[in-house]
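Curious how this folds, go ahead:
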Amino acid sequence: MRIDAHQHYWKIDRGDYGWITPDIPLLYRDFLPGNLLPSLRKHGLDGTILVQAAPTLAETDYLLSLADGSDSILGVVGWLDLADDRCFVHYDRFARHPKFVGFRIMIQDMPDASRILEPAFVERLKTFEKRDVPVDLLLVSGQLEPVIRLIEKVPGLRGVVDHIAKPNIAAGAMEPWAGQMRRLASFPNLYCKLSGMVTEAEHRAWKPEQFVPYIRHAIDCFGENRVMFGSDWPVCLLAAEYDEVMEVLVRALPGEWGERQRAKLFGGNAAAFYKLDTGG
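Down below sits the predicted model:
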């Protein structure tokens, strides 16, 4: 099964996408399953993991309703607030839906990332660790240090780092990102999404070779069994079309990679991480 492990849908008039404004006209419109189907078919993708884009429980309900009507949505990553005493109640309600596969922590939006080290936050995450729940981690490279400290406290977390932790590709900066990613990769239950990279480069002036060292380093750190492809569509459209996102990744893959490794990257690892029933 071939899977795009990271993309979004939204309906603007729902009103909870505060970061999508008329100042971003490319994104300030509805994006729904029918809009993505041509790209999925062109690249032989069986479906996607649909990831939350708003920090609301209502949006997670909306995404699950979309999943009810779309065979191409294989799983939904929703939103939970671990500062909420009722987070487990909300999680259990979502988990009754057959396509709910986990939740995402939006560290990127926290003014102070050290908030994730607060005792209540850590204890709640430990409960999800014990339940082996898949957790997406959205962060920027400047937040890697507190994230490493968090994972040291919950070392068995089934987690995935979204967008290779958003290094400063536009500036060509590798450190301290590279060393911190290697430290994160030492935790065997952590995965990494090779996604969201084009928007970390100059949006209309990037070159494919800029991404090679970042992609190769992530693969070197996490290995062939813990990396997965994600388009980050439609956010990627700020810098690249779907075809270009795919081409950037394929061109940067290690020369020794064959069909076995590519099958893992383009679906197998996502199916394993999110515990999808692939019928095999």
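
Give me the distance between residue 197 and residue 268.
21 Å (Cβ to Cβ, to the nearest Å). C-beta here means a position set from N, CA and C on the backbone, and glycine is covered the same way.

Figure out the length between the terminal residues of stretch 144-163.
13 Å (Cα to Cα, to the nearest Å).

Same question for it: list its buried residues.
Buried residues in stretch 144-163, counting neighbours by 16 or more other Cβ atoms under 10 Å, are found at 144, 146-147, 150-151, 153-154, 157-163.

Widest-spaced pair of those residues?
For the buried residues of stretch 144-163, the farthest-apart pair by Cβ to Cβ is 153 and 163; their separation is 22.9 Å.

hang on, the earlier thing: in terms of packing, which of residue 197 and residue 268 has more residues around it?
The residue with more neighbours, out of residue 197 and residue 268, is residue 197; 28 against 20, by other Cβ atoms under 10 Å.

What separation is there between the more buried one and residue 236?
9 Å.

What of residue 12?
18 Å.

the more surrounded of the two?
residue 236 (23 against 15).

what's the more buried one in contact with, if anything?
Applying Cβ atoms under 8 Å, 6 or more residues apart in numbering to residue 236 gives the contacts 196, 198-199, 242, 245.

please redo it, this time with the cut-off set to 10 Å
Residues counted as contacts of residue 236 (Cβ atoms under 10 Å, 6 or more residues apart in numbering) are 6-8, 195-199, 230, 242, 244-245, 248.

for the spatially most central residue of the chain, what are its contacts?
The residue lying closest to the centre of the chain (Cα atoms, centre = their mean) is residue 162, at 3.8 Å. For residue 162, the contacting residues are 5-6, 51, 77, 104-108, 136-139, 191-193, 195-196, 230, 232, by Cβ under 10 Å, 6+ apart.
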